[in-house]
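**Q** have a look; sequence and predicted model below, questions after that.
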Amino acid sequence: MKRNMGTVDRMLRTIAALAIGYLWWTGTISGDLGVGLAILAVVFLLTSAVSFCPLYRPLGLSTCGTGK
């Protein structure tokens, strides 16, 4: 897996995942929506941890710097 996520992208995903997790934990979001968002939060955390987003590959996207 070639890295395709930059630092800012990773930080934003982590912050979003933590916010969703907090809202789910406190019961602000619940039911099917809460479960769906909790799953999305886990995906955000996993993709941030490995710096790779599988959806970016077929779309040809990358938020990494040019490496220069």
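**A** Noted; the coordinates are in hand. Numbers count the residues shown, from 1 in each chain.
**Q** can you give me the buried ones in the helix or strand of the chain with the lowest mean pLDDT?
**A** When each helix and strand of the chain is scored by mean pLDDT, DSSP states H and E, helix 56-59 comes last, with a mean of 90. Buried residues in helix 56-59, counted by 16 or more other CB atoms under 10 Å: Y56. Every residue, glycine included, has its C-beta placed from N, CA and C.
**Q** can you dump the C-alpha atoms of that helix in CSV for me?
**A** The C-alpha trace of helix 56-59 is given here as CSV (Å, rounded to 0.1, in the frame of the first residue of the first chain):
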residue,chain,number,x,y,z
TYR,A,56,-8.6,7.5,-3.1
ARG,A,57,-6.8,4.8,-5.3
PRO,A,58,-9.5,4.3,-7.9
LEU,A,59,-10.3,8.0,-7.9
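**Q** quick check, pLDDT for S62.
**A** S62 is assigned 89 on the pLDDT scale.
**Q** which residues touch stretch 39-47?
**A** Stretch 39-47 is touched from outside by M5, R13, T14, A16, A17, L18, I20, G21, W24, C53, P54, with contacts defined as CB atoms under 8 Å, 6 or more residues apart in numbering.
**Q** and the fourth one, how far from R3?
**A** Pointing back at A16 there. Distance, A16 to R3, by CB to CB, to the nearest Å: 20 Å.
**Q** so the residue most central in space within the chain: helix, strand or coil?
**A** Residue closest to the average C-alpha location in the chain (CA atoms, centre = their mean): F44, at 2.2 Å. The three-state label given to F44 by DSSP: H, G, I helix; E, B strand; the rest coil is helix.
**Q** one step back: so A16 and R3 - more neighbours on which side?
**A** Higher neighbour count among A16 and R3: A16, with 16 against 13, using other CB atoms under 10 Å.
**Q** what number of residues lie near S48?
**A** 20.
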